[in-house]
Every structure is written in C-alpha cells, then in structure tokens.
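**Student:** got a structure for you, letters missing:
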C-alpha cells in the first residue's frame with residue numbers, strides 16, 4: 001500500500017503558506033512557490049551531500065576569517081603569493097610542497113577531504129569516474145568529448161546518489177539553481193520530469209547545431 005504524502009508546510013524562505021513538502025525519506029524541504037530546497041533542521045541548501053554539522057563548522061570558520069579579512073576573495077588574494085589556493089568546497093587554504101607535485105589535491109580539512117584539480121578546481125572524483133572532459137575547459141588536463149553524459153552508478157557515487165548522469169562543469173553551469181542541487185524546476189511529477197527531459201534534449205540539439213562541421217574547417 002503506497003505511503004501517504006506528507007502534509008504541506010509553510011516556507012521558511014519566502015513565507016508562502018502551504019507550499020513546502022518534505023522530500024520523501026530525507027530532511028530536504030521543497031517549496032513550489034520560490035523553488036527553494038533547504039534542510040528542515042538547519043535551513044541550509046539541501047543536496048545529496050548536505051550535513052548540518054559540516055555547515056555549522058564552515059559557518060564558524062567563515063566568521064573567524066571575516067574578523068581579519070573583509071570577504072573570501074580578499075582572503076584568497078592575501079594567501080596567493082605564498083602558493084595557497086582555496087578548497088572549492090569548504091574554502092580552507094590548500095598548498096603543494098613542491099610546484100611539480102601532483103595536481104590531484106585532497107583538502108586538508110579532515111571534515112571535508114574534497115578531491116579537486118589544482119589547476120581548474122574540478123571535482124577529481126567525477127573526473128576519475130567519467131573522464132578528463134570533466135575538467136574545466138582551458139585546464140591543461142582537459143580533453144574534449146562530444147558524446148552524451150554517462151550514467152555510471154557502479155563507479156560514480158554522485159550518479160548513484162542522484163539517479164542520473166553527472167554533467168561536465170560547463171554544462172552544469174547552464175542549469176538553473178534548483179536543477180544544480182537536484183531539484184526539478186517544475187516539481188517531482190511525471191509531467192515535470194518529462195518537461196525537464198525535453199529541455200535537456202533541446203539544449204543538446206542546440207549545442208549540436210552550434211558546432212561547426214568538419215567540412216567547413218577544411
């Protein structure tokens with residue numbers, strides 16, 4: 001027997017009444033009015049990687065840094081001459097012992113341990129699972145790939161958690177904010193998923209039309 005859907009609640013972000021429903025089996029709250037998707041406990045942006053404790057810890061670090069530097073960019077500028085870069089996930093400084101050391105980096109923050117490329121900051125776990133076209137365009141390790149995004153849940157944890165293929169960074173940035181955190185723009189109905197699929201097909205078709213043919217390059 002199907003489980004009853006949880007009751008609609010008021011949105012903590014836009015204050016709309018009866019527009020929020022809990023994502024089944026999670027702490028995620030999805031608002032049909034402002035399209036926000038947030039954690040029911042801490043109010044942080046909801047995603048498959050969300051952790052209330054991690055969000056609180058990062059928030060405390062940001063407040064400490066703010067006492068010394070006006071904002072994150074200034075903090076990064078101050079450390080750049082010393083060979084430091086910021087972890088793209090938790091913003092803790094990272095460095096290499098030698099310039100020629102491997103560009104596969106691990107965040108030194110034991111609560112983060114994010115793997116990223118030193119050159120372009122792309123997620124190294126996605127690169128290992130999908131290929132070098134998941135580096136940023138312009139990165140010395142990037143290789144172009146014209147095929148569709150691959151769904152490989154057997155070797156990619158993100159594919160397994162989200163239930164769909166991961167997108168390369170350039171395609172991911174073209175998504176709307178709600179889509180980037182795994183929330184369909186129009187909701188979770190079958191019709192909404194169909195519209196989302198149609199939009200993705202249209203984007204793929206447009207990219208194919210924009211590519212110059214080999215005949216023109218000869």
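**Tutor:** Sure, I can see it. In this text the structure is predicted, and so the values were computed from the model without any measurement.

**Student:** from now on I want contacts and neighbour counts done on CA atoms only, so please keep to that.
**Tutor:** Noted.

**Student:** report the residue spans of the protein with pLDDT below the cut-off.
**Tutor:** 1-6, 48-49, 54-76, 78-79, 81-82, 97-98, 175-197, 210-218 (pLDDT under 70).

**Student:** strands of that one, start to end?
**Tutor:** 20-22, 28-31, 37-39, 85-86, 93-94, 104-106, 115-117 (DSSP state E).

**Student:** just put those in a markdown table and tack on distance to residue 133 and mean neighbour count.
**Tutor:** Output for these, formatted as a markdown table (distance: least, CA to CA, whole Å; neighbours: other CA atoms under 10 Å):
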| stretch | distance to residue 133 | mean neighbour count |
| --- | --- | --- |
| strand 20-22 | 35 | 21 |
| strand 28-31 | 31 | 25 |
| strand 37-39 | 29 | 23 |
| strand 85-86 | 22 | 20 |
| strand 93-94 | 24 | 18 |
| strand 104-106 | 15 | 18 |
| strand 115-117 | 13 | 22 |
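
**Student:** Serialize the ones you listed to TSV and add fields for distance to residue 132.
**Tutor:** What follows is the strands of the chain, written out as TSV (distance: least, CA to CA, whole Å):
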stretch	distance to residue 132
strand 20-22	37
strand 28-31	32
strand 37-39	31
strand 85-86	21
strand 93-94	22
strand 104-106	13
strand 115-117	11
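
**Student:** what is the neighbour count of residue 123?
**Tutor:** Each residue near residue 123 was counted by other CA atoms under 10 Å, and the total is 21.

**Student:** how close does the closest residue to it other than its chain neighbours get to residue 94?
**Tutor:** Distances taken as CA to CA, 6 or more residues apart in numbering place residue 116 nearest to residue 123, at 4.7 Å, with adjacent residues excluded. Residue 116 sits 11 Å away from residue 94, going by CA to CA, to the nearest Å.

**Student:** give me the common contacts of the two.
**Tutor:** residue 87 (CA atoms under 8 Å, 6 or more residues apart in numbering).
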